[in-house]
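**Q** No letters, just coordinates:
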């Protein structure tokens, strides 16, 4: 099956160059504030994990965290940012259940079509 191309696509948004710009982009587009400090010794802060994945410092990651800690929302935001800022990048997130995959999909749709960030409400209309 061939690749699909869409007429009238717009150029990708500029990629954030630093973790700080990445955090600002998440907030400005989606209204998300991701924790940037690890709580436990030896653990990683959620923002560090998302930044490493986004920046392609790692190509495979397993994210383990407490329930209701924002894992699914973080991955959904990451997938939308990939779509908005990279060209010809394929990514996939895997959930434990179909229900969890559906939740991630709905988060992604909401972030893209109903952004909570002030900048996102203006910019994402083009997409």
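**A** That came in fine, so what should we check first? Note that the coordinates shown come from a computational prediction; the quantities given were computed from them, not determined experimentally. Numbering: from 1, shown residues only.
**Q** So what's the residue count around residue 25?
**A** Close neighbours of residue 25, defined as other CB atoms under 10 Å, add up to 23. Every C-beta, even on glycine, is put in place using the N, C-alpha and C of the backbone.
**Q** Using just helix, strand and coil, how would you label it?
**A** Put simply, residue 25 is helix when judged by DSSP: H, G, I helix; E, B strand; the rest coil.
**Q** In space, what's closest to it - neighbours in sequence excluded?
**A** residue 16 (5.0 Å; CB to CB, 6 or more residues apart in numbering).
**Q** my read: the one you found touches residue 27, true?
**A** No - judged on CB atoms under 8 Å, residue 16 makes no contact with residue 27 at a distance of 11.4 Å.
**Q** Provide a list of residues in contact with the residue nearest to residue 25.
**A** Counting by CB atoms under 8 Å, 6 or more residues apart in numbering, residue 16 makes contact with 22, 24, 25, 54, 85.
**Q** same deal with residue 62?
**A** By CB under 8 Å, 6+ apart, residue 62 has no neighbours at all.
**Q** quick one: pLDDT of residue 120?
**A** Among the per-residue scores, residue 120 holds a pLDDT of 91.
**Q** just the one 5 residues further on next, same as before
**A** Model confidence at residue 125, given as pLDDT, is 77.
**Q** Run a quick neighbour tally on it.
**A** Residues near residue 125, counting by other CB under 10 Å, number 9.
**Q** what kind of secondary structure is it in?
**A** Residue 125 ends up helix, using three-state DSSP.
**Q** State the distance from it to residue 72.
**A** Residue 125 is 25 Å from residue 72, where distance means CB to CB, to the nearest Å.
**Q** who touches the spatially most central residue of the chain in this structure?
**A** Residue closest to the mean C-alpha point of the chain, counted by CA atoms, centre = their mean, is residue 78 at 1.4 Å. Contacts for residue 78 (CB under 8 Å, 6+ apart) come out as 50, 53, 54, 91, 93.
**Q** Quickly note the distance from it to residue 42.
**A** As judged by CB to CB, residue 78 and residue 42 stand 23 Å apart.
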